[in-house]
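**Student:** Sequence and predicted structure are below.
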Amino acid sequence: MADAPKEPEKRAPLPDNVSRRVFLKGAGGLAAGGALGSQAVASQKASAEAPAKTRTVSGRIEIPLSINGEKRKVSVEPRTTLLSLLRVHLQPPLTGTKLVCDRGACGACTVHLDGEPAYSCSLLAIDCVGREITTVEGLGAPDALSPVQQAFCEKDALMCGFCTPGFVMSVSACLEKNPAADDDEVRAACSGNLCRCGTYPPIFAAAQAAGRKLQGGR
Amino acid sequence: MAVQDSSPTTWGPREDMRLLNADVPRVDGPLKVSGRARYTHDIRLPGMLWGKILCCPYPVAKPTLDFDRAQAVPGVRVVLPIEDGLRDGWTRRLGTPIAAVAADTPEAADDALAALNARYEEGDWAVNYDQAVAPDAPKVHEEGNIRHLQVDGDEAAAQGELDGCDAVVEAIYTLPVQFHACLETHGVVVDYRGEDEATIYASTQGTFTIAADAAQILGLPQNKVTVLVEHMGGGFGAKFGLDVPGRIACLLAKEARAPVHLMLSRADEFHTAGNRSGSTQYMKAGANADGKLKGLVARIWKFGGVNRGANPGQPYIYDVPTSYAEAMSILTHTDGSRAMRAPGHPQASFAIESVVDELAASLGLDPLEFRKKNLASPVYHRQLDRAAKEIGWAAHPNKLGPPAELPDRAVGIGFGVATWGAGGRPTCEVDVRIDQDGSVTSSVGTQDLGTGTRTYVASIVAEELGLPVSAVEPRIGDSRLGASVASGGSVTTPSLAPAVKDAAHKAREALFAELAELLGSNPRNLRAKDGVVFDVEESDKRMNWKEACACLAPAGIEARGTFQRGLAGNGVHGAQAAKVEVDTVTGELRVLKMVCVQDIGLPLNRLATRSQMNGGVIQALSYGLFEERVIDPWLGLGLNNGFEEYRIAGTKDIPEIVSIIDDEDRRDQVLGVGEPVVIPGQSAIANALFNACGVRIRDLPLTRDKIINGLTAL
C-alpha cells in the first residue's frame, strides 16, 4: 500500500522534564522485560546500561498535546499509542477514531498530524508532542459538518459507519492538498482504508462532490 | 388516548409517495461522519475495566497457565480460567478461549495475558478433509467426522439421464472458508456493579437475543437486564446472542463487581467469531444440443469446522428434470461456521453457475440464452436481459466463447442469478407517539446493522403524517422498547416495516378522529401533507401540525403497530453480470464493471437499497478474488489472522458498479435484499474470466497463480 498515510519524518520535541535518550531507555527497558512489562525488571535492566547519574523513566509520564486545537495534558506510558491515548487515556476520551486492526492495515484509526494523514495505532503518543493532532471530531460536529462530511451524508457514503471516520480523514487530507483530486487520486489516498460493508462507490462520489464544493463550485 | 383497531392493507400508491421509494439520506449520517455515533467499542463508564481473552492457537491442546503471575501484574483486577470450551483440560477447536482478564487499562490487560505465560501440550487434531476422513482420524464428534448425510433424488435415474446427453461436464468446485471480517469485532460492555440490575451494550444483530443468558450468568432476573445497541459496526450473520465475549464479560463483571469492556482482538475475531463454511462440490451435469439441462449428479461436502456448514443443495435455482444430490458435513477441529450473508447460497451458486457455463461452452451456445432456457421464472429472464444490456453483452465479441487467438488484454463477460426468501414474520411491536407540542417518536427495540433500519423507522411515520423525516425521532436499539426480530436472513425489513406502517397509520387515524370533531369534518376527508392537516372537501378547514397536536389531550396519542402480512412479501430473485479484463501475459485479473439487478417489492429507501446492493457485489468480488482462510496443515495454526494476510477488497479493486432496482416488480410489499445481492457475484466473475481467455478456474479465490497455470495449459 504505497500510498497509505506515511509516518511523520520530523521528530517531536519532548516535554521539558525528560530527555529523549532517557525516555527511550525506559521504553527499551520495558521491551527487554518482555510483553509482561514487569517494571521492576525493566528499570533494573535500563539502569544497568545507563550512566550512573541518569534518572531512568518508566511507567507513566504526563505529556502536553494539542488535539483539535486544544491544549491537553495526558498521562501515558512509553508504549501508549496515539490511538489508545485518544480512545482510552484522554479524559474525556475521543472515540470517533476507531480501533479495528491495531497494526496499520485498515485505516480506521486515521488522524491528521500537522495536516498529514497518519495511522494513530502505529504512532507512539510521546512522538506526537509538539504536533497538531486533528481527529474526526475536530473536522466538524453533527450540526456543523465539513464539506467532506456533508458530502458523505448526501451520497450515502456510509453503512455501518465503523470505517467512516477513517475515510473522512483520508479524503479530507487528500482534498486539502488538492481539491481537484481526480478519482484515481482519491482511491490512492484511501488505499490504506478498508470498508467491509462495501460503501466504496459513494465514498468516491462524495469525494468528488466535496472537491467541487471546496473549489467554490456546487 | 386509546387507538381503535384499523390496520392498513396497502402501502398506498407509489406515485403519491414523498419519502418512501425515494432517496433519503440516512438519519444517523451526521453522527457517523463526525465520530459522534457511539458504538459498543466506544462505551466508557466510570470504574470500567478492560477485559481481554486468551485464545488457544492450536486446534487440540492442553494449556498450562500461570494465573498467579498474571494476577500480580499491576492494574489487574480479575484473572479467570475459561473452561467451558475444554474437555478434560483439552481444547477441542482452534481458537478456544482459555483465560480472561480484566484490568484498569487495555495495556495492563495485555500484560496480564502475556504473564499467563501459556504453554501448550499438543493433542491430535484434524484441520482439513484428508486429516478428518483418515481411518485413524481424531474425532471431532464422538460419532465421527463425516456427519449429517442428506440425500435428495434417485442417483441411478440421474446417471441414466446423463448417459443420453449431448454434452456432459464432470468437475469438482471448491470454495474456501471465508471470514465475516466485521470492522467492529464482536463484544459487549457489561455495566454491572454487584447490584440488582445490569445494562449490556452489545455489538449485535439481535437486541433481544442477549438478556436471558446474561441474566443467568449474573444471577439476575431477566427483567433487570437491559440491552442497548445504539450503533453496531457490521455483522453479516456472525453476531447473535451473548456469544463468547459476552459470556466472558459477564463472568468478569460478576467477579469484579464493576463494568467490563470486552471486545475481541482482531486476531481472535478470525478464529472464534464464526465464518462462512467452505465447500467442495462434485458436479456431473448433462444437457442436450437444444440447450436444455437434462440431468445432474452432485456430491456436496461442507466444511463448517465443529459446525455443520451450509448449502441449499443442487441444482440450486436451475431446472434440471432429473437430479440427485447428496450432502454431508466434514467436521474439523476449527471454529464453527455461522450464518453469513445468504448461508450456503454463494457456494451453491459458484458450482451450478460454473457447470451451466461449461455446458453452454461445450455445446457452443450463448451462456445467457442457455441460462434463460433453464430458468422457469420470467423474472430471471427480464433481469438477465437488463443485466446483459447494461454490461454490453449484445456488442460483446465473445458470446460463444473466447477467441482462438488471445489478445494481451482479454475482456470477458459472465453472468449469475440468485434467490432468497426474505419474508416477514410476526414479531415486531412498534410504538408511535404524537405529543401535544407536535413532536413525534417512533420506537422499537430493533438494531440497525448499517442497512438503514433507523431511517425507515422514522421515514415511514413521516410519510404517513405528512412531515419531514427530521420531524420524527426514531428510537431503536433498546430491549425496553417494543419487540423486534433479530437481523438474519434479510427478514428485518419485511418483519419490521409493516409494523411501523401499522403504528403510523393507527396514530394518524387517532389524530384525525380527534381533529374531525373539532373541525366538524368527516375523518375520512382529512389528509396530512406538508405539515398541514386539512379537509379535502372544505379547504378552509385546515390546521398546521403544531396547532393540530396542541388540541390533543396532555397524554397525546400513542399507537402500537404489529406485523401486517399483506404489507410484506416473500421471495426475491436477482441477476448479476461481470465484465473483466485479464492480462494474458501476467495473469492479472481486473474486474471492470459489475451490474446488479434486484427485485425488492417496494423499496423503502432507494439510496440505502442501492448501497446495500453495491455492498453485496463488493463482498462477492472480494470473496471471488482474494479471501481464503489458511490453516497450516502441519502446525494447525491460523496463518492469516489480520488484514495484511487476509485481504479484503480495497479502493483500487472496486470496478464500476451499476446497481439497478428492478422496478418492474410492482408488489405492494416490502422485502429484504441483504442476502440475494451477495450470492452470484463471484460466479459471474469466474465465468467472465473463462469468457475472456478460456481459463476455467474451479476453486476460489481466482488468484494469479491459478490464472497463469490456466493460461499456460491452454
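**Tutor:** Nice, thanks for sending it over.
**Student:** Any idea which residue of chain A lies closest to chain B?
**Tutor:** A:G96 (1.8 Å; C-beta to the nearest C-beta). For every residue, glycine as well, the C-beta is placed using N, CA and C.
**Student:** I'd like to know how far that residue sits from A:G138.
**Tutor:** Between A:G96 and A:G138 the computed distance is 9 Å (C-beta to C-beta, to the nearest Å).
**Student:** which one of those two has more residues nearby?
**Tutor:** A:G96 (27 against 21; other C-beta atoms under 10 Å in any protein chain shown).
**Student:** Surely that one and B:Y39 touch.
**Tutor:** No: contact criterion C-beta atoms under 8 Å: A:G96 and B:Y39 do not qualify, at 10.1 Å.
**Student:** which stretches of the stretch 401-550 of chain B aren't confidently modelled?
**Tutor:** Scanning the stretch 401-550 of chain B for pLDDT under 70 picks out no residues.
**Student:** Mind jotting down where the helices sit in it?
**Tutor:** B:453-465, B:492-519, B:545-550 (DSSP state H, counting those that start in this stretch).
**Student:** Among those, which comes closest to chain A?
**Tutor:** Per C-beta to the nearest C-beta, nearest to chain A of the helices of the stretch 401-550 of chain B: helix B:453-465, 10.0 Å.
**Student:** same for the closest one, what does it pack against?
**Tutor:** Helices and strands touching helix B:453-465, by 3 or more C-beta pairs under 8 Å, 6 or more residues apart in numbering or on different chains; DSSP states H and E, are strand B:429-434, strand B:440-443, strand B:472-475, helix B:492-519.
**Student:** burial measure for the closest residue to B:T584 other than its chain neighbours, as a count.
**Tutor:** Nearest non-adjacent residue to B:T584, counting by C-beta to C-beta, 6 or more residues apart in numbering or on different chains: B:L406, 4.7 Å away. By other C-beta under 10 Å, 17 other residues sit near B:L406.
**Student:** How about B:F563?
**Tutor:** 22.
**Student:** What of the one 5 residues further on?
**Tutor:** For B:A568, the tally of surrounding residues (other C-beta under 10 Å) stands at 27.
**Student:** Quick check, it in contact with B:A422.
**Tutor:** No: the criterion here is C-beta under 8 Å, and B:A568 misses it with B:A422 at 9.2 Å.
**Student:** which neighbours do the two share?
**Tutor:** By C-beta atoms under 8 Å, 6 or more residues apart in numbering or on different chains, B:A568 and B:A422 have these common neighbours: B:494, B:671.
**Student:** what ranges do the helices span in the stretch 51-200 of chain B?
**Tutor:** B:67-71, B:106-115, B:129-133, B:155-163.
**Student:** for stretch A:143-163, how far is the first residue from the last?
**Tutor:** 21 Å (C-alpha to C-alpha, to the nearest Å).
**Student:** Would you mind putting the helices and strands packed on helix B:453-465 into CSV with distance to B:A688 and mean neighbour count alongside?
**Tutor:** Putting the helices and strands packed on helix B:453-465 into CSV (distance: least, C-beta to C-beta, whole Å; neighbours: other C-beta atoms under 10 Å in any protein chain shown) gives the following:
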stretch, distance to B:A688, mean neighbour count
strand B:429-434, 44, 24
strand B:440-443, 44, 22
strand B:472-475, 41, 21
helix B:492-519, 31, 24
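**Student:** Quick one: closest of these to B:R93.
**Tutor:** helix B:492-519 (30.4 Å; C-beta to C-beta).
**Student:** Show me what the closest one packs onto, helices and strands only.
**Tutor:** strand B:429-434, strand B:440-443, helix B:453-465, strand B:526-529, strand B:532-535, helix B:545-550, strand B:557-562.
**Student:** So which of these is the most surrounded?
**Tutor:** helix B:453-465 (a mean of 27; mean count of other C-beta atoms under 10 Å in any protein chain shown).
**Student:** Can you verify A:M169 is assigned to a helix?
**Tutor:** Yes: counting by DSSP: H, G, I helix; E, B strand; the rest coil, A:M169 is part of a helix.
**Student:** mind listing what it touches?
**Tutor:** A:110-112, A:117, A:134-136, A:139.
**Student:** how is chain B carved up into domains?
**Tutor:** B:2-14+B:424-567, B:40-124+B:186-263, B:341-349+B:361-422+B:569-713 (automatic domain parsing).
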